[in-house]
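Engineer: Fold the following, please.
(chains A and B)
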Amino acid sequence: DSGVTQTPKHLITATGQRVTLRCSPRSGDLSVYWYQQSLDQGLQFLIQYYNGEERAKGNILERFSAQQFPDLHSELNLSSLELGDSALYFCASSVGQGYGYTFGSGTRLTVV
Amino acid sequence: GDSVTQMEGPVTLSEEAFLTINCTYTATGYPSLFWYVQYPGEGLQLLLKATKADDKGSNKGFEATYRKETTSFHLEKGSVQVSDSAVYFCALSDQGVGGAQKLVFGQGTRLTINP
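Structural biologist: Here you go, the predicted structure:
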């Protein structure tokens, strides 16, 4: 157990639907990061939050949004889902620069 | 922007062979460098890291040295085991404005060790 908890582990949904992925960071970590891992694109950085505030944005589509709550857990919302959104979505947390990330085990999203 | 390039895989070796996975990077500042490992069906685990030039990170028999002059961070292990079969990712930590930070990953190298 890495200390970063992601739910659900698996999600199957239809095109056009909306889903919410949840992440609880490791205790004491203020930063949360979301990554998408697909076979053809590798690991793509989506977004970073630090103590409730958005700090960095990567290749995140407009159909996707995220937030970090006062208890530091984070949610990634994916809407108007397309087949190409099928991927592993990882959350990671960090205590700060130079310490690396601790990753959760991921949510596997399948859009059918 | 910052980027990481890893040697292309897949890499297949016999048990007890010597392993090198090449990694080079492009960065405007002085990033921290990392190697992560992903076992089948799992998330990424930090394997080792180095935060400044000439630092050597090591863990579980794996080593990598931060070489600023060649912008490289090659992963090595003297004698691999079947249990080392996994995907290995090289990454750098990109520190942006206002505390923004993200890890930039290479494309990953799939390693298979045969008994």
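Engineer: The closest residue to A:G58 other than its chain neighbours - how many residues pack around it?
Structural biologist: Closest residue to A:G58 apart from its sequence neighbours, by C-beta to C-beta, 6 or more residues apart in numbering or on different chains: A:F45 at 3.6 Å. For every residue, glycine as well, the C-beta is placed using N, CA and C. The burial metric for A:F45, expressed as a neighbour count using other C-beta atoms under 10 Å in any protein chain shown, is 20.
Engineer: From chain B, how far out is the residue nearest the centre of chain A?
Structural biologist: Nearest to the mean C-alpha position of chain A, by C-alpha atoms, centre = their mean, lies A:W34 at 3.4 Å. Distance, A:W34 to chain B, by C-beta to the nearest C-beta, to the nearest Å: 10 Å.
Engineer: give me the number of residues near the closest residue to B:H74 other than its chain neighbours?
Structural biologist: Nearest non-adjacent residue to B:H74, counting by C-beta to C-beta, 6+ apart: B:N22, 5.2 Å away. The burial metric for B:N22, expressed as a neighbour count using other C-beta under 10 Å, is 16.
Engineer: follow-up on the earlier one: now do the residue nearest to the centre of chain A, the pLDDT please.
Structural biologist: Predicted confidence (pLDDT) for A:W34: 96.
Engineer: And B:P40, by the same measure?
Structural biologist: According to the predicted model, the pLDDT of B:P40 comes to 85.
Engineer: State the pLDDT value of residue 79.
Structural biologist: Looking at chain A here, since you left the chain open. Reported pLDDT at A:S79 in the predicted model: 97.
Engineer: let's do chain B instead
Structural biologist: In the predicted model, B:S79 carries a pLDDT score of 96.
Engineer: if I've got this straight, it is in a strand?
Structural biologist: No. When the secondary structure is assigned by DSSP: H, G, I helix; E, B strand; the rest coil, B:S79 falls in coil instead of a strand.
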